[in-house]
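Enquirer: Quick one: sequence plus predicted model below, questions after.
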Amino acid sequence: MLIRKPNDIPSSEITPRSAYERFMARRKFLRTAAGAAAVAGAAAVGLDGVTDILAPRTHAHAQTKLKTVSSPLTTTGEQLTSLEDVTHYNNFYEFGIDKSDPAKNAGGLPTRPWSVKITGKVKAEKTFDIDSLLKLRPLEDRVYRHRCVEAWSMVIPWVGYSLSELINQCDPLPSAKYVQFISYYDRHVEKWSGQDATIFWPYSEGLRMDEAMHPLTLLTFGLYGEMLPNQNGAPVRVVLPWKYGYKSAKSIVEIRFVEKQPHTTWNDQAPSAYGFYSNVNPDVDTVPWSQKSERRIGLPFWQQHRTTLMFNGYGDQVASLYKGMDLRKYY
Ligand code: MTE
């Protein structure tokens, strides 16, 4: 973004197994003696770049395996984007604007202890700590397409359960028409200060109540069967596969039930470009990006091109939410 600008298979088995195993083997190799020896050797001959390549990548907290069940809501059997790309090509502006910045800078995000406040139009405000959220419902492996407004896409095996499961525990009042998500922000943890902090942060996103209750809306704790790496929004985020990625707020500390459409970060920055709904829509461009097609990250360039699908291909499930709305106006 610009500042101006087959259903019952666990995720690790949907990944072409050979690719997944190659990745795991490589990771193990880099962390063990061979890696250490190579680093020592490189240091001895002064090859700084080599030490960099061999340094363990930042997957803070990410190696914690999660106990998961398969989900009938896995929505695509397409080839998964590699764990390496999913965790090193990120947007998490609190930690920098380059795609590689979050993996480098988000290590200091304090993900334990962590709690999520439930506030606003609810019978009684309350707080869930992350361990109680992790235990609230069985964690499902769900493979979704992930489409950024910058016209790139991935296929990611997330871990979580429908946000509706949590909302059902929150007793929202009838006046709760929207749900707002507020991300963690601490000026002292943030590594990037190129933006006026008082304007941009904390990151805020929102949904209409029926969107929030839709079964595809995923309260997400992990990916590739492990806890979320910090750069992907640890320890808890939302994922909305039919909307542009910026709707999927990371590192959530508060879920607020509100009567009126809440303010949202990118809409505040440029309302004519980034609408509140932000449903993937090939017919509405987002200057400077045409939304007619997308680039699938991680594939050879001659295989990357994809024609973008309305609602990112989730129309059968979600189009009814927008019946009667002019989607050119409510973009
Ligand atoms: N959440 C917060 N708090 N801060 C951000 O900068 N970026 C959004 C979204 N959630 C963002 C955020 C954007 S633009 C995208 S495309 C997705 O996170 C990227 O998620 P990923 O890095 O896990 O692919």
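Expert: That came through, no problem.
Enquirer: Tyr161 should be in a strand, yeah?
Expert: Yes: under DSSP: H, G, I helix; E, B strand; the rest coil, Tyr161 sits within a strand.
Enquirer: Kindly report the residues of the stretch 1-150 of the chain close to the ligand.
Expert: By C-beta under 6 Å from any ligand atom, the part of the stretch 1-150 of the chain that sits against the ligand consists of Met1, Asn90, Asn91, Phe92, Tyr93, Glu94, His146, Cys148. For glycine as for every other residue, the C-beta is placed from the backbone atoms N, C-alpha and C.
Enquirer: just checking, the fifth one touches Ser183?
Expert: No: judged on C-beta atoms under 8 Å, Tyr93 makes no contact with Ser183 at a distance of 10.0 Å.
Enquirer: Spit out the residues that contact these two alike.
Expert: Common neighbours of Tyr93 and Ser183 (criterion: C-beta atoms under 8 Å, 6 or more residues apart in numbering): Tyr203.
Enquirer: May I see the buried residues of stretch 165-177?
Expert: Neighbour-count burial for stretch 165-177, counted by 16 or more other C-beta atoms under 10 Å, picks out Leu166, Ile167, Cys170, Pro172, Ala176, Lys177.
Enquirer: and the residues of the stretch 1-150 of the chain next to the ligand as JSON lines, adding secondary structure?
Expert: Output for these, formatted as JSON lines (three-state DSSP):
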{"residue": "Met1", "secondary structure": "coil"}
{"residue": "Asn90", "secondary structure": "coil"}
{"residue": "Asn91", "secondary structure": "coil"}
{"residue": "Phe92", "secondary structure": "coil"}
{"residue": "Tyr93", "secondary structure": "helix"}
{"residue": "Glu94", "secondary structure": "helix"}
{"residue": "His146", "secondary structure": "strand"}
{"residue": "Cys148", "secondary structure": "coil"}
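Enquirer: Could you find the closest non-adjacent residue to the closest residue to the ligand within the stretch 201-331 of the chain?
Expert: At 2.5 Å from the ligand, Gly245 is the closest residue in the stretch 201-331 of the chain, using C-beta to the nearest ligand atom. Excluding the flanking residues, the one nearest Gly245 by C-beta to C-beta, 6 or more residues apart in numbering is Cys148, at 4.3 Å.
Enquirer: Relative to Arg295, how far out is that neighbour?
Expert: Distance of Cys148 to Arg295, computed by C-beta to C-beta, to the nearest Å: 10 Å.
Enquirer: And for Ser132?
Expert: Shown here: Ser132 relative to Arg295, a distance of 39 Å by C-beta to C-beta.
Enquirer: same thing with Lys117?
Expert: Lys117 sits 38 Å away from Arg295, taking C-beta to C-beta as the criterion.
Enquirer: Then Trp266?
Expert: On the measure of C-beta to C-beta, Trp266 and Arg295 end up 20 Å apart.
Enquirer: Neighbour count: those two, which is higher?
Expert: More neighbours surround Trp266 than the other of Trp266 and Arg295, with 24 against 15 (other C-beta atoms under 10 Å).
Enquirer: That one contacts Gly245, correct?
Expert: No: applying C-beta under 8 Å, one finds Trp266 not in contact with Gly245, separated by 10.5 Å.
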